[in-house]
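Asker: just to be clear, the model below is a prediction. Sequence and coordinates:
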Amino acid sequence: MITKKIISFIVLTALLFSQQGNYDKEILTAENQIAILKKELLKNNSELKSLETKSVKEEDRLVSLQKSINNSVSLIKAYDKKIILYEKQLTNLNQAVQRNNLKIEKIKNDYAKQSIHLYKNDRTLNDYLFSANSINQMFYRIKYFSVLSEINKENLNQLTITQQYNFTKENEISSTLSKTKADKIDREKEIQNLAKLREKQRKILRNIEKNKQEIQNRIRNQKKQINELENLRLKIIAEKKQYEEQQLVQYQKIEGSFLKNKGKLSWPVDGRVVKGFGPQWNPQLKTTIDNPGVDIETGPSEGVKAVFDGVVTVITFISGYGTTVIIDHNNDFYTVYTHLQNLNVNENSSVSAGEIIGYVSLNKNFHFEVWGQNKKLNPITWLNDKN
């Protein structure tokens, strides 16, 4: 992944090469970087498409889970209706049993009353039968008691059968009711599990959407970077002829050797180095970031001085670096000054060592780089040790 810092360095390098007059090489560099970005763009588009496909599948799964939850909820409602119906049946059966018990008691009581009635009148069944005035009357009396006994017996038998049926049905309904309640509990647990799965699915979808957004932002940045490089390439071609004519005159004004003054150059600002050259650990990002120069903490609006005679070849604004000035010291050596404001110089103007080219911006952090023969060099080894 091409980072902002790398892109910024590419832009600075492109500007540097263009000021050297090595336009063909810079155009090739820009085209190579454009090709890299386009390749990454295709990769990100493919990854985005894959995530969109995955998102659709996960959404389908979420819909399926929701349907299962809805079905389970409907089933629980059906269980509730069954439970109410079974409970009503049990209530009716209990009431029927009570009514049967009352009937049985009534039959028993009626039979007992008849017996008591005969006893109170000192007439046993035999006396009652044999006191008949005739044989026919005795037979009628026997038949009466026989019929009465059969009726009571039949009623008791029928009530007993009904009672047994009610008890059997009550046990059957109780068992079904218990099973229905157990099934309802199982279904409620299933709904809880489905709800957990649904939340997990929603989390997956949120992560997918987050990743999609990150990739979309990445794609937008890559397209923007490609456009910047394309515009830069066109600008280099358009300015090539004018640059060569101006630089030829300006380079002739530079006196002395930048290389021979290694370790003797004056500091661009007074302050404390807070970030050195090369790989630097970033505790916030938890990664190592390469620093192409040094960062110096200084006072706001501190004057920034050229460290050696040269020609201002680039004045530009770069995201993350702010206003940036590049000075050409001839023989492929350059110094880079960033986070500036209130400049005192213009492009193609000559500057002398110690001359104030501008002032540090309000953030009080100044970034300084030294380039030599197309390489990033450690500025500390070029500056004197008086800071």
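Answerer: Now that the structure is in, tell me what you want to look at.
Asker: and the host helix or strand of Asn32, how far out from the chain middle?
Answerer: In this structure, Asn32 sits in helix 23-120 according to DSSP states H and E. Averaging C-alpha positions (C-alpha atoms, centre = their mean, to the nearest Å) puts helix 23-120 27 Å from its chain's average.
Asker: next: stretch 258-275.
Answerer: Computed by C-alpha atoms, centre = their mean, the chain-centroid distance of stretch 258-275 equals 48 Å.
Asker: list of residues touching it?
Answerer: Outside stretch 258-275, the residues that touch it by C-beta atoms under 8 Å, 6 or more residues apart in numbering are 291, 294-299, 302-308, 310, 329-331, 333, 335, 337, 353-354, 360, 365-366, 368, 372, 380-387. From N, CA and C alone the C-beta is placed, and that goes for glycine too.
Asker: from the residues you listed, which ones fall inside strands?
Answerer: Using DSSP state E, the subset of the contacts of stretch 258-275 located in strands is 291, 294-297, 303-305, 310, 333, 335, 337, 360, 365-366, 368, 372.
Asker: and Glu105, how many residues sit next to it?
Answerer: As a burial measure, the neighbour count of Glu105 was computed by other C-beta atoms under 10 Å and equals 10.
Asker: cool, Lys113 as well?
Answerer: One way to gauge burial is a neighbour count; for Lys113, by other C-beta under 10 Å, it gives 10.
Asker: Three-state assignment for the nearest residue to Leu51 once chain neighbours are set aside, please.
Answerer: Excluding its sequence neighbours, the residue lying closest to Leu51 (C-beta to C-beta, 6 or more residues apart in numbering) is Lys212, at 5.1 Å. Under DSSP: H, G, I helix; E, B strand; the rest coil, the three-state class of Lys212 is helix.
Asker: one more: Val314?
Answerer: Recorded secondary structure, Val314: strand (three-state DSSP).
Asker: can you pull up the bridge partners for the residue nearest to it when sequence neighbours are not counted?
Answerer: Once flanking residues are discounted, Val314 sits nearest to Ile326: 3.9 Å by C-beta to C-beta, 6+ apart. Applying DSSP bridges to Ile326 gives these bridge partners: Val314, Val336.
Asker: surely Ile326 is in contact with Val311?
Answerer: No. Judged on C-beta atoms under 8 Å, Ile326 makes no contact with Val311 at a distance of 9.7 Å.
Asker: PyMOL command to pick out the buried ones of the contacts of stretch 258-275?
Answerer: Buried members of the contacts of stretch 258-275 can be picked out in PyMOL with the line below, counting by 16 or more other C-beta atoms under 10 Å:
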select buried, resi 291+294+295+296+298+302+303+304+305+306+307+308+310+329+330+333+335+337+360+365+366+368+372+380+382+383
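Asker: the closest residue to Gly276 other than its chain neighbours pairs with what?
Answerer: The shortest distance from Gly276 to any non-neighbouring residue, by C-beta to C-beta, 6+ apart, is to Val294 (6.0 Å). With DSSP bridges applied, Val294 shows beta-bridge pairing to Phe368.
Asker: the one 10 residues further on now?
Answerer: Counting by DSSP bridges, Val304 forms beta bridges with Gly358.
Asker: mind listing what it touches?
Answerer: Contact analysis of Val304 by C-beta under 8 Å, 6+ apart lists Pro268, Val269, Tyr337, Leu340, Ile356, Ile357, Gly358, Tyr359, Val360, Phe366.
Asker: mind checking pLDDT for it?
Answerer: Note for Val304: predicted pLDDT of 96.
Asker: what separation do you get for it and Leu234?
Answerer: Val304 sits 31 Å away from Leu234, going by C-beta to C-beta, to the nearest Å.
Asker: what about Lys39, how many residues nearby?
Answerer: Close neighbours of Lys39, defined as other C-beta under 10 Å, add up to 10.
Asker: sorry, back to before: okay, the residue nearest to Leu51: pLDDT?
Answerer: Per-residue pLDDT puts Lys212 at 83.
Asker: low pLDDT regions in the chain?
Answerer: 1-23, 111-112, 114-149, 151-152, 233, 236-237, 239-255, 284-285, 386-387 (pLDDT under 70).
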